[in-house]
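*Asks:* give me the fold of what follows.
(chains A and B)
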Amino acid sequence: MNSNTIVENLKKEIENFSLQMKVEKVGKVVEVFDGIAKVSGLSDIKSSEMVTFPNGETGVALNLEEDAVGVIILGDFSKIKEGDEVKATGKILEIPVGDSILGRVVNAIGAPIDGKGAIKASKTYPIEKVAPGVVTRQAVDQAVATGIKVIDAIIPVGRGQRELIIGDRQTGKTAIAIDAILNQKGQNMICVYVSIGQKDSKLRKLGARLEAGGAMDYTVIVSAGASEAASMSYIAPYAGVSIAEYFMDQGKDVLIIYDDLSKHAVAYREISLLLRRPPGREAYPGDVFYLHSRLLERACRRNAKYGGGSITALPIVETQAGDVSAYIPTNVISITDGQIFLETDLFYKGIRPAVNVGLSVSRVGSSAQIKGMKKVAGTLKLDLAQFRELEAFAQFGSDLDESTKKQLERGKRAVEVLKQLQYSPIKIENQIVTLYALTKGYMDDVAIDKIKEFENGLVEYCERHAKVFYKEIKESKMWTDKGEMELKKAIADFKVGFSK
Amino acid sequence: MSVTSNNDIARAIYLMSKDKSSSEQKNISEKVVKFLFKKRLLSKAPDILLRLKKIINGEEGRIEAKISSVEALSHQTKTSLEQALKKRYSVKEVTLKENIDKKLLGGIKIEVDDEVVDLSVKNKINKLQEYLTKTV
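*Replies:* Just a heads-up that it's a prediction; the model follows:
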C-alpha cells in the first residue's frame, strides 16, 4: 500500500465521519480513593451504567445517592484527578463478544491481554442479564464427561448443572477443573475459564497446559489478576458468563469455571465497604447471596424451542481448614446442584483426586448419566459405602469374618481404582470397562499395588478384544448380552495373561 | 434514622419564605440562622445557599448557562442562543455566563447544570480520532 492510497482511504473515512450533536450528562470527580470515585452531578444515571473518565478509563455507577454517585473504576485509577469531567454513556456495562474470542485470554472488560492483537467482536453483550426464565428451560439429561472416574461414576455432572468444587487450598480444585476442560476435546463443548484474583504465574502455567493439551481451540480465559483492582475481580465472572451466553445463544453447550468465588466475594466485600454499605456477617454486605445466586442462575439448559444450548457451571470455593459452615461456602452450597468435596487428609494419603465420596453429591446429575455407567456406578457406590462403614474395623485384621474381609478388600480396590493422575482424562468407555471388572469381582484377587498396572493393561487389552462392547456403549450408551459376554471373555483372557 | 440533607433544608427555607413580605422574610431569616446554629449546621451554610439558589431558579423558571468559546460572542449569537435554550428547557429566563477558553480551538460549549452540549472544534477532533482509530 503506497502513501497515496493511505491518504485516499483516510479521506474516504473522514468523509464518512459525521458528528451528531448530542447532549451529554457530565459530572465532576469529588474524591478518588482505592478504585472508587465519588462523582457529583450525573443526574438521571442508571444503576450499573457505564461512565467514561477523561483518560479513557471506564467506570460503573454503583451507588446512586442524592447528589453524588459512587463509581467503581475499571482499570488504572492513578491518573484520575479531583475535578475531572465524567461522562455518562447511557449504556449498561457491556463487553465485546465474537467467535474470534475463542483461544484468547481477555480481562474482565473483554480486552485481550495475551498479546495476540485485537479481537474482532461482532456483538456486545451486557454483563448483567436476567437469567433465562422457567419456560425456556429444560431438565438436565445429558452428561458432561469430565474424564475423571470418581466424578463421572459417583458424582456425575449434567449439561446445564451447577456443581460446586469445594475444598481447602492445595487439594486439587483447579486440577479437576482443568482436567474437565482438557477432556472436552471433541465433545462439542466450549469452555470458559474465569480466573478471579489468581496469581498471574498460575494463570500462565494453566494457559500453557491448556495450549499443550490442544484445549485452547475451544476455550476462553477471562482473567482478573491479583494485582488488578477489586472492581475487575468483581465483574470478571459476569463477563465470563456473558461470553458463555453468546455461545449458548448459538445453541452450543458451554462449560464455565469460576476460580474462585471466595475471592470474588472478598473483592465485592472490599468494594462494598469502600462504598460505605453496611457490613453484615463476616463483614460481607447484605447482598452477597444475591451476588452469587444471580450469577449461578445464569447457568441453565435451554429447550430447543428457545434455541437450545446450555451453560454448565463449575464454581470453585476455597474453605479455611475444612470449614464448610463459613458464610460463603454455605451460601454457594445452597445455590448449586451439588458439590465435589475435596479433603486435605485424603490428598496426603495419596488418594488423588482427593474427593470425599461420602460428602460429595450431585443432585441432578444422575439423570444425565449414561445407562451403562449408571449400572456399574450403582454397585460401586454400595461397595464404597460399605467400605467406609467397615473401615474402622480394618485394624482387627484376622478376627473378622469372611464376608467382612471380602468387603474390605473390595473397598480397598475400589479406592485404588478411583485414583487418577492429573492431566490424564479417561474415556467413558474405558471407565466403564474398569469399573465393570471391579464391581464384578475380577480384581478381588489382584494385589493392591498391582491394581493400576492391571487397570491400564486391561483397558488396552479390551479396546482390542471387546470391540462389540465398545461399539454398543458408544452407540446406545448401554451394553447388550452379546457385548457383555465378549467383555467377560476378554477380561478373563487378560487375567490369565496378567497373572503369568 | 433519617438524615436531613442540605437540599431538604434549602427547600424548607424556600417554602417558608415564598410569597412573604420583606419584614416577614427578615424574621424567617433570623429563625433560620438560629436553627442552623442550634443544629450545628452553620458550616454547611454555603452549600445550603447554593442549593437554595438552584431551587429558586428552578421554581421561577430561570436557568444559568455557561457558554465557553475562544472569543467573545456577538450580540446576535447570544440572543439566538438564549432563544434556543429557553425553548429547550421551557423556562422564562436564561442567564448566560460567558467564559473564554482558548483550548477549545473553535466553536462553543454550552453547559446547563450537568448537561453539556460540546460543539467545540477540540471535541470534534477528539471524536474524529476515536472514529479513525476504531475502524482501522
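*Asks:* can we go C-alpha only for contacts and neighbour counts from here?
*Replies:* Fine.
*Asks:* which residue packs closest to the residue of the stretch 251-400 of chain A at minimum distance from chain B, ignoring adjacent ones?
*Replies:* Chain B sits closest to residue A:278 of the stretch 251-400 of chain A, with a gap of 13.9 Å, by C-alpha to the nearest C-alpha. Spatial nearest neighbour of residue A:278, chain neighbours left out: residue A:285 (6.3 Å); criterion: C-alpha to C-alpha, 6 or more residues apart in numbering or on different chains.
*Asks:* near chain A, which residues of chain B show up?
*Replies:* Within reach of chain A by C-alpha under 8 Å from any C-alpha of the partner chain, chain B has these residues: B:113-119, B:124, B:127-128, B:131-132.
*Asks:* make a PyMOL selection of the buried ones in those residues.
*Replies:* Burial among the residues of chain B next to chain A is assessed by 16 or more other C-alpha atoms under 10 Å in any protein chain shown; the matching PyMOL selection reads:
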select buried, chain B and resi 113+114+115+116+117+118+119+124+128+131
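*Asks:* pretty sure residue B:6 contacts residue B:47?
*Replies:* Yes - with contact defined as C-alpha atoms under 8 Å, residue B:6 counts as touching residue B:47 (7.1 Å).
*Asks:* which one of the residues of chain B next to chain A is nearest to residue A:34?
*Replies:* For those, the residue nearest residue A:34 by C-alpha to C-alpha is residue B:114; the value is 25.5 Å.
*Asks:* report the distance from the longest helix belonging to chain B to the chain centre.
*Replies:* As assigned by DSSP state H, the longest helix anywhere in chain B is helix B:22-38. When distances are taken as C-alpha atoms, centre = their mean, to the nearest Å, helix B:22-38 is centred 25 Å away from the chain's centroid.
*Asks:* before we move on, what about stretch A:244-262?
*Replies:* Once both centres are worked out by C-alpha atoms, centre = their mean, stretch A:244-262 turns out to sit 8 Å from its chain's centre.
*Asks:* residues of it that come out buried?
*Replies:* Across stretch A:244-262, burial judged by 16+ other C-alpha under 10 Å covers A:244-248, A:251-262.
*Asks:* on that earlier part again, of residue B:6 and residue B:47, who's got more company?
*Replies:* When neighbours are counted by other C-alpha atoms under 10 Å in any protein chain shown, residue B:6 and residue B:47 differ, and residue B:6 comes out ahead with 19 against 13.
*Asks:* I'd like to know how far the more buried one sits from chain A.
*Replies:* Counting by C-alpha to the nearest C-alpha, to the nearest Å, the gap from residue B:6 to chain A is 10 Å.
*Asks:* now do that residue against residue A:316, distance only.
*Replies:* Residue B:6 sits 47 Å away from residue A:316, going by C-alpha to C-alpha, to the nearest Å.
*Asks:* go on, residue A:406?
*Replies:* Going from residue A:406 to residue A:316 by C-alpha to C-alpha gives 37 Å.
*Asks:* ok, these two, which is more surrounded?
*Replies:* residue A:316 (25 against 14).
*Asks:* just the element for residue 11, please.
*Replies:* Went with chain A since none was named. Under the criterion of DSSP states H and E, residue A:11 resides in helix A:3-16.
*Asks:* switch to chain B, that's the one I care about
*Replies:* Here residue B:11, judged by DSSP H and E, is contained in helix B:6-17.
*Asks:* so which of the buried residues of stretch A:244-262 belong to helices?
*Replies:* Counted as lying in helices by DSSP H, out of the buried residues of stretch A:244-262, are A:244-248, A:261-262.
*Asks:* residue boundaries of the helices in the stretch 201-350 of chain A?
*Replies:* Counting by DSSP state H, counting those that start in this stretch, one finds helices in the stretch 201-350 of chain A at the ranges A:230-248, A:261-274, A:288-296, A:327-335, A:344-349.
*Asks:* the third one - what's its average pLDDT?
*Replies:* When pLDDT is averaged along helix A:288-296, the result is 97.
*Asks:* buried ones in it?
*Replies:* A:288-289, A:292-296.
*Asks:* same deal with stretch A:138-151?
*Replies:* For stretch A:138-151, the neighbour count (16+ other C-alpha under 10 Å) marks A:139-151 as buried.
*Asks:* what about those residues, which are in helices?
*Replies:* Among the buried residues of stretch A:138-151, the ones falling in helices (DSSP H) are A:149-151.
*Asks:* please list all residues in contact with residue A:237.
*Replies:* Residues in contact with residue A:237 (C-alpha atoms under 8 Å, 6 or more residues apart in numbering or on different chains) are A:108, A:194, A:196, A:258, A:295.
*Asks:* from chain B, how far out is it?
*Replies:* 27 Å.
*Asks:* ditto for residue A:128
*Replies:* For residue A:128 relative to chain B (C-alpha to the nearest C-alpha), the value is 25 Å.
*Asks:* find the nearest non-adjacent residue to that residue, please.
*Replies:* Using C-alpha to C-alpha, 6+ apart and skipping residues adjacent in sequence, the residue nearest residue A:128 is residue A:238, 6.5 Å away.
*Asks:* can I assume the one you found is in contact with residue A:131?
*Replies:* No - Residue A:238 lies out of contact with residue A:131 (C-alpha under 8 Å); the separation is 11.6 Å.
*Asks:* who has more neighbours out of these two?
*Replies:* Shown here are residue A:238 and residue A:131; by other C-alpha under 10 Å, residue A:238 has more neighbours (26 against 13).
*Asks:* show the pLDDT at the more buried one.
*Replies:* At residue A:238, the model reports a pLDDT of 97.
*Asks:* residue A:357 too?
*Replies:* You'll see residue A:357 listed with a pLDDT of 92.
*Asks:* what about it, neighbour count?
*Replies:* Look at residue A:357: counted by other C-alpha under 10 Å, it has 19 neighbours.
*Asks:* please apply the same query to the one 4 residues further on.
*Replies:* When counting by other C-alpha under 10 Å, one arrives at 22 neighbours for residue A:361.
*Asks:* could you find the closest non-adjacent residue to it?
*Replies:* Leaving aside its chain neighbours, residue A:361 sits nearest to residue A:338 (5.1 Å; criterion: C-alpha to C-alpha, 6+ apart).
*Asks:* sweet, I'm off.
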